[in-house]
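Undergrad: Need the 3D shape of this:
(one chain, ligands or ions: 1)
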Amino acid sequence: MRRFVYCKVVLTTSLVWVLVDVFLLLYFSECNKCDDRKDHSLLPALRAVMSRAHEGPGEMGKAVVIAKDEQEKMKELFKINQFNLMASDMIALNRSLPDVRLDGCKTKVYADDLPNTSIVIVFHNEAWSTLLRTVHSVINRSPRHLLQEILLVDDASERDFLGKKLENYARTLEVRVRVLRMEQRTGLIRARLRGAAATRGQVITFLDAHCECTVGWLEPLLARIKEDRRSVVCPIIDVISDETFEYMAGSDMTYGGFNWKLNFRWYPVPQREMDRRKGDRTLPLRTPTMAGGLFSIDRTYFEEIGTYDPGMDIWGGENLEMSFRIWQCGGSLEIITCSHVGHVFRKATPYSFPGGTGQVINKNNRRLAEVWMDGFKDFFYIISPVIGKCKTPPT
Ligand SMILES: [Mn+2]
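TA: Next up, the predicted model:
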């Protein structure tokens, strides 16, 4: 009988220790939790472990499956933002994501005195869940001392929940989040400029309003800018499915280019760029152009090169304009392959363009060609003769 009690005590103690071990392992294995060195009380740790244990829809970046009888409603909701809004609304605002980095990235160590950054996110009629998931992913996966503030610039949205409700919600967050409002629809470029002008961080990081940052996304971007303030850096843009919100790692073997219609295109990284990096895929990848939605730039360098072209309307062409500007003003444009941020890629735009899509993009592209392309602009006008025939200079 005594032996039985003895066994019971031994078993119970071992079990308790196993649980404590598991708890500690889980706690210290997630790096963004270590950043908050000041707060090592057990409560937030416990909450973190509990939240990771729950298997909600979309956790770990998994695809969300919509039940058969909900499919009709799902299709209706899809039209609002041109992505699966029902799926997005089902996923937690702080969902977990896989660590998709190359192994060589996971062990890199960064300086303690990296420059801090302001995050600028422009939105127009964005869905609540995608916008706030962007914000939460920034807050949860950025070391607090590197995050100066988050600026949400509203380009004249018409949805009620993006008004007072958003401002009230922003006030509850543990990082300073400000909402700036454009009086009327002005487009991405001028809204970004408004946001940029209000920043106080040493670096400005632009993000789209439907992104999710992964673990370790920020440090390598800021480290590269600290090394060379004229390098403008983009993360690898991972794909968040517009149909299922599944998180899929993007490739470090493609970079940005363009065709003579001045459309941005992805191309395979050429051998010469692999050779320049001596085959090390974790090193910054020099890219001719960028997709435009997500990048970090030293704030004073951004001012030095003249920021964006404020004469460009709404959207389109500004990413190539910024790319050409950077390269021609003595900077470099790089993809930092150790930094991964997901973006919801859509097949169609949900936005209305005052004056029509084609009109706006043609005008922006003409400005791009006239300002930055010298003799090469002829290729553009040969491919798109209608644009070239316009007599009036672009305004
Ligand atoms: Mn986007």
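Undergrad: who does the one helix or strand L132 maps to touch, helix- and strand-wise?
TA: Using DSSP states H and E, L132 sits within helix 128-141. For helix 128-141, the elements it packs on are helix 85-90, strand 117-123, strand 147-154, helix 164-171, strand 211-213, judged by 3 or more Cβ pairs under 8 Å, 6 or more residues apart in numbering; DSSP states H and E. No exception for glycine: its C-beta is placed from N, CA and C like everyone else's.
Undergrad: average pLDDT for the second one?
TA: Spelled out, that is strand 117-123. Per-residue pLDDT over strand 117-123 has a mean of 98.
Undergrad: ranges for the helices of the stretch 1-150 of the chain?
TA: Secondary structure of the stretch 1-150 of the chain by DSSP state H, counting those that start in this stretch: the helices cover 2-29, 31-34, 42-53, 71-81, 85-90, 103-106, 128-141.
Undergrad: Nearest to V177, out of those helices?
TA: helix 128-141 (6.5 Å; Cβ to Cβ).
Undergrad: ok and that closest one relative to strand 147-154, angle-wise?
TA: 170 degrees (axes from the mean of the first three to the mean of the last three Cα atoms, to 10 degrees).
Undergrad: can you list the residues that contact helix 128-141?
TA: 32, 81, 83, 85, 88-89, 91, 93-95, 97, 119, 121, 123, 147, 150, 152, 161-162, 166, 169, 173-175, 177, 207-218, 344 (Cβ atoms under 8 Å, 6 or more residues apart in numbering).
Undergrad: Of the residues you listed, keep whichever come out buried.
TA: If you count burial by 16 or more other Cβ atoms under 10 Å, the buried members of the contacts of helix 128-141 come out as 32, 81, 83, 85, 88, 91, 93, 95, 97, 119, 121, 123, 147, 150, 152, 162, 166, 175, 177, 207-218, 344.
Undergrad: Pick the most buried one from the helices of the stretch 1-150 of the chain.
TA: Counting by mean count of other Cβ atoms under 10 Å, helix 128-141 has the highest mean neighbour count of those, with a mean of 22.
Undergrad: hey, C-alpha coordinates of it in PDB?
TA: In PDB, the C-alpha atoms belonging to helix 128-141 read as follows (Å, rounded to 0.1, in the frame of the first residue of the first chain):
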ATOM      1  CA  TRP A 128     -12.100  45.300 -41.000                       C
ATOM      2  CA  SER A 129     -10.600  41.900 -40.600                       C
ATOM      3  CA  THR A 130      -7.800  42.300 -43.200                       C
ATOM      4  CA  LEU A 131      -6.900  45.800 -42.100                       C
ATOM      5  CA  LEU A 132      -6.800  44.800 -38.400                       C
ATOM      6  CA  ARG A 133      -4.900  41.600 -39.100                       C
ATOM      7  CA  THR A 134      -2.300  43.700 -40.800                       C
ATOM      8  CA  VAL A 135      -2.000  45.900 -37.800                       C
ATOM      9  CA  HIS A 136      -1.900  43.100 -35.300                       C
ATOM     10  CA  SER A 137       0.700  41.200 -37.200                       C
ATOM     11  CA  VAL A 138       2.900  44.300 -37.200                       C
ATOM     12  CA  ILE A 139       2.400  44.800 -33.400                       C
ATOM     13  CA  ASN A 140       2.800  41.100 -32.500                       C
ATOM     14  CA  ARG A 141       5.900  40.400 -34.700                       C
END
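Undergrad: Rounded mean pLDDT for that helix, please.
TA: 98.
Undergrad: just stretch 292-305 next, same as before
TA: Averaging pLDDT along stretch 292-305 yields 97.
Undergrad: Only alpha carbons, please: show it as CSV.
TA: Output of stretch 292-305 as CSV, limited to C-alpha atoms (Å, rounded to 0.1, in the frame of the first residue of the first chain):
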residue,chain,number,x,y,z
GLY,A,292,5.3,48.7,-54.7
GLY,A,293,3.0,47.8,-51.8
LEU,A,294,5.6,46.9,-49.2
PHE,A,295,9.0,48.5,-48.7
SER,A,296,11.1,50.4,-46.1
ILE,A,297,13.1,53.5,-46.8
ASP,A,298,15.2,55.8,-44.7
ARG,A,299,13.0,58.9,-44.0
THR,A,300,15.6,61.5,-44.9
TYR,A,301,16.7,59.6,-48.0
PHE,A,302,13.0,59.5,-49.1
GLU,A,303,13.0,63.3,-48.8
GLU,A,304,16.3,63.6,-50.6
ILE,A,305,15.2,61.8,-53.7
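Undergrad: Need the residues that contact it.
TA: Stretch 292-305 is contacted by residues 115, 117-118, 196, 199, 201-208, 211, 221-222, 225, 229-230, 232-235, 237, 264, 318-320, 322, 325-326, 329, 331, 341, 343 when judged by Cβ under 8 Å, 6+ apart.
Undergrad: Mark which of those are buried, thanks.
TA: Judged by 16+ other Cβ under 10 Å, buried ones among the contacts of stretch 292-305: 115, 117-118, 196, 199, 201-208, 211, 221-222, 225, 229, 232-235, 237, 264, 318-320, 322, 325-326, 331, 341, 343.
Undergrad: Select from those every entry located in helices.
TA: Judged by DSSP state H, those include 196, 221-222, 225, 318-320, 322, 325-326 as members of helices.
Undergrad: Taking those together, which two end up most distant?
TA: Maximum pairwise distance among these (Cβ to Cβ): 25.0 Å, between L222 and L320.
Undergrad: Contact partners for the residue nearest to R200 when sequence neighbours are not counted?
TA: Nearest non-adjacent residue to R200, counting by Cβ to Cβ, 6 or more residues apart in numbering: Q148, 5.7 Å away. Contact partners of Q148, counting by Cβ under 8 Å, 6+ apart, are 116-118, 176, 199-202.
Undergrad: Next, format those as JSON lines and append distance to E246.
TA: Listed next are the contacts of Q148 as JSON lines, based on distance: Cβ to Cβ, whole Å:
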{"residue": "N116", "distance to E246": "32"}
{"residue": "T117", "distance to E246": "28"}
{"residue": "S118", "distance to E246": "30"}
{"residue": "R176", "distance to E246": "32"}
{"residue": "T199", "distance to E246": "33"}
{"residue": "R200", "distance to E246": "36"}
{"residue": "G201", "distance to E246": "32"}
{"residue": "Q202", "distance to E246": "35"}
